[in-house]
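Visitor: fold the following and give me the result.
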Amino acid sequence: MQRSRGARLFSCGVLVLLVTLSGIPLGAQAPSPRAGGTLFRTNIYGDPENLDPIVRTGVRTVMVTMHIFDGLVKLDAERGVIVPDIASRWTISPDRKVYTFTLRRGVLFHDGSEVTAADFKYSFERVANPANASPALPRLAGVTGAQPFQAGKAAEISGIKVLDPYTLQITLEEPNNLLLYDLTEVWASVVPRQAVERLGREFGSRPVGSGPFMFENWLRDAQVVLRRFDRYWRVDASGNRLPYLDRVVFRIMREMSTIEAEFEAGNLDFSVMLDPQYRKYTAHPGYKDNLVTVAELFTRHIGFNLSQPGAPWLDKRVRQAINHAIDRKAIVEKVLHGKAYPATGILPPSLAGFDRSLPGYEYNPERAKRLLAEAGFPNGFAVKIISTDHPAYGLPAVEAVMGYLAAVGIRVQPEVMESAALTERTHAGNYEWYSSSVGGATHPLAYLRRRFHSRFIGAPGNFTRYKNLTVDDLLDRAAEAPDTAAMIRLVRQAERIIVDDAPWWFSNYNKAVIAHQPYVQGLRPVPTDIDFQPLEEIWFSASPRRR
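Guide: This next block holds a predicted model:
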């Protein structure tokens, strides 16, 4: 890849500024991977919402769709670099506005048709079409010609050009240091136009992609089954065609007691373990050496609806009081069994740009009471909070903070719902407070921009409806910064303003843990989300023994 000096600053190794905080080595692996076998794993978050990559971007969906679809580039999250995918190489113009991608020849969709540059143009215009209501639509806003296309004034996006069947060119109105990063996400996957138009709405339940696994079946609320795509283009370092596994079964399982029983019976090959299981498995004689841990790029928090007319928390002092009222360190130790890191701000410690000098909010209930009184609420107020039953950031976490808030006069009424319902309500702004965990972005600018830039209010990610024009300006300038140091400086300035504004109660950063059977090889400490395992690289060193 030939690039200008300015372009190199934000390409591969610098664009994604990820530093893995921790990970447990997996030990010696067999020298030669074995092909075959069916892997059983859990999806603890529930059924996927929709298997069309442009429709939903939640963890429970992406952990499935990431194996059905491929894009131009992909993220090697452990090394913190962007690497080629269907695009074998790319160049960036000296003004950092024109990206030219060269595609591999002979890459096939699961229906046997070849992937071409025209398929990528179709896929991106499908994302940008407002009629499809994709939450990823704002990601393409800076592409030349995107706005006239979205307004119905142009039949195509002029800045996305097919130069020949294997060359795609994307032109931006202004430099955007996040373009390559954005293109690593599942929404930027290529889809076959013929299949999409033939299946219509059913494409979301019968997807066709070009990834390592093909869709086989989906039994709602029970399991999703993918099977090996025998004509997948990737091979390993020894020339063996990927993937190694014949099938992957995602079992929809929410009860950890059931998951533990199935795992210890050998009926699950690996599973994420939640907080109550963490201490058990770190001391378990049979599994303590079969754990993978990493500080994930997720921030647990309570979000305040800043578009709620007349709400007490529209006053910044009230939001700051809430942050002082709760002992987040005690919650990490007593409720989360030590399986987390207390939050000082938004960006987690695994991410470059993490500001170690940011003090965060100290536990100080007396100061919280003073701030509430200054804001005109000396006796507190009542509030409703929506959450799921997730043990780390759902109802148990809400119950853990209720006593602290009651001590300063804030009376919390929780409402528990399925994560799909919570997603709909946060997207629509139909709530007072919510409790959740968000993140996964591997670039500090992307992490902040999606949650706090006013351009992303609502479904794109800014669920609190937070709006601060100074923050918008800092994040916009960071997107065009000429070098990494300048970008991080601007991001840190924005984060300090956001933390002071306190649109969230900043709770903790997740410590993720996978427990696996001893024969499972190739699992990795993926910090974006430990559930985003590259299953095409997983293999069995021995045959599983199921019960």
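
Visitor: so where do the helices sit in the stretch 251-400 of the chain?
Guide: Per DSSP state H, counting those that start in this stretch, the stretch 251-400 of the chain carries helices over the ranges 256-264, 275-282, 316-325, 328-334, 365-374, 395-406.

Visitor: closest to residue 234 out of those helices?
Guide: Nearest to residue 234, of all the helices of the stretch 251-400 of the chain, is helix 256-264, at 29.4 Å by Cβ to Cβ. (C-beta placed from N, C-alpha, C; glycine too.)

Visitor: that older thread, most packed of the helices of the stretch 251-400 of the chain?
Guide: Mean neighbour counts were compared across the helices of the stretch 251-400 of the chain using mean count of other Cβ atoms under 10 Å; the top stretch is helix 316-325, at a mean of 23.

Visitor: how far out from the middle of the chain is it?
Guide: Centre-to-centre, helix 316-325 and its host chain are 28 Å apart (Cα atoms, centre = their mean, to the nearest Å).

Visitor: other SSEs contacting it?
Guide: Contacts defined by 3 or more Cβ pairs under 8 Å, 6 or more residues apart in numbering; DSSP states H and E place helix 316-325 against strand 291-304, helix 365-374, helix 395-406, helix 484-501, strand 504-516.

Visitor: pLDDT of it, averaged?
Guide: Helix 316-325 carries an average pLDDT of 98.

Visitor: just the C-alphas of that helix, formatted as PDB.
Guide: C-alpha atoms of helix 316-325 as PDB (Å, rounded to 0.1, in the frame of the first residue of the first chain):
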ATOM      1  CA  LYS A 316     -26.200  19.500  35.900                       C
ATOM      2  CA  ARG A 317     -25.800  19.700  39.700                       C
ATOM      3  CA  VAL A 318     -28.400  16.900  40.100                       C
ATOM      4  CA  ARG A 319     -26.500  14.600  37.700                       C
ATOM      5  CA  GLN A 320     -23.200  15.400  39.500                       C
ATOM      6  CA  ALA A 321     -24.900  14.700  42.900                       C
ATOM      7  CA  ILE A 322     -25.900  11.300  41.600                       C
ATOM      8  CA  ASN A 323     -22.300  10.600  40.700                       C
ATOM      9  CA  HIS A 324     -21.100  11.600  44.200                       C
ATOM     10  CA  ALA A 325     -23.900   9.700  45.900                       C
END
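
Visitor: could you check the angle that helix makes with strand 504-516?
Guide: 40 degrees (axes from the mean of the first three to the mean of the last three Cα atoms, to 10 degrees).

Visitor: what is the neighbour count of the closest residue in space to residue 115 that isn't next to it in sequence?
Guide: Distances taken as Cβ to Cβ, 6 or more residues apart in numbering put residue 107 closest to residue 115, at 4.4 Å, once the chain neighbours are dropped. For residue 107, the neighbour count with other Cβ atoms under 10 Å is 21.

Visitor: now the one 4 residues further on
Guide: Residue 111 has 13 neighbours, counted by other Cβ under 10 Å.

Visitor: do the one 10 residues further on as well
Guide: A total of 20 residues lie near residue 121 under the criterion other Cβ under 10 Å.

Visitor: for the one 4 residues further on, same thing?
Guide: Other residues lying near residue 125 total 18 when counted by other Cβ under 10 Å.

Visitor: who's in contact with it?
Guide: Neighbouring residues of residue 125 by Cβ atoms under 8 Å, 6 or more residues apart in numbering: 149, 156-157, 160.

Visitor: ok so, going back, so can I have CSV of the helices and strands packed on helix 316-325 showing distance to residue 459 and mean pLDDT?
Guide: Below are the helices and strands packed on helix 316-325 laid out as CSV (distance: least, Cβ to Cβ, whole Å; pLDDT from 0 to 100):
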stretch, distance to residue 459, mean pLDDT
strand 291-304, 14, 92
helix 365-374, 32, 98
helix 395-406, 23, 96
helix 484-501, 20, 96
strand 504-516, 18, 94
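
Visitor: nearest to residue 216, out of those?
Guide: Closest to residue 216 of those is strand 504-516 (Cβ to Cβ; 23.1 Å).

Visitor: partners of the closest one, with directions?
Guide: Its sheet considered, strand 504-516 pairs with strand 270-272 (antiparallel), strand 291-304 (antiparallel), strand 340-342 (antiparallel) by DSSP bridges.

Visitor: possible to save those as a markdown table with mean neighbour count and distance to residue 417?
Guide: Shown next, in a markdown table, are the strands paired with strand 504-516 (neighbours: other Cβ atoms under 10 Å; distance: least, Cβ to Cβ, whole Å):
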| stretch | mean neighbour count | distance to residue 417 |
| --- | --- | --- |
| strand 270-272 | 22 | 21 |
| strand 291-304 | 24 | 15 |
| strand 340-342 | 21 | 23 |
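
Visitor: can you pull the pLDDT of residue 275?
Guide: 74.

Visitor: please give the element, helix or strand, for residue 168.
Guide: Counting by DSSP states H and E, the element that carries residue 168 is strand 167-171.

Visitor: I'd like to know which helix or strand in this protein has the lowest mean pLDDT.
Guide: Least confident helix or strand of the chain, by mean pLDDT, DSSP states H and E, is helix 5-9 with a mean of 36.

Visitor: now do the strands in the stretch 151-300 of the chain.
Guide: Remark: strands assigned in the stretch 151-300 of the chain by DSSP state E, counting those that start in this stretch are 160-164, 167-171, 213-219, 223-228, 247-252, 270-272, 291-304.

Visitor: in a markdown table: those strands, plus distance to residue 310.
Guide: As requested, the strands of the stretch 151-300 of the chain are exported to a markdown table (distance: least, Cβ to Cβ, whole Å):
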| stretch | distance to residue 310 |
| --- | --- |
| strand 160-164 | 45 |
| strand 167-171 | 45 |
| strand 213-219 | 44 |
| strand 223-228 | 44 |
| strand 247-252 | 41 |
| strand 270-272 | 41 |
| strand 291-304 | 13 |
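
Visitor: out of those, nearest to residue 516?
Guide: strand 270-272 (3.7 Å).

Visitor: pLDDT of the closest one, averaged?
Guide: The pLDDT scores in strand 270-272 average 93.

Visitor: what does stretch 99-113 give?
Guide: Stretch 99-113 shows a mean pLDDT of 98 in the predicted model.

Visitor: contacts for that stretch?
Guide: The contact list for stretch 99-113 (Cβ under 8 Å, 6+ apart) reads 70, 72, 86-93, 114-117, 119-120, 163, 165-172, 179-180, 192, 194-195, 208-210, 214-215, 229, 231, 233.
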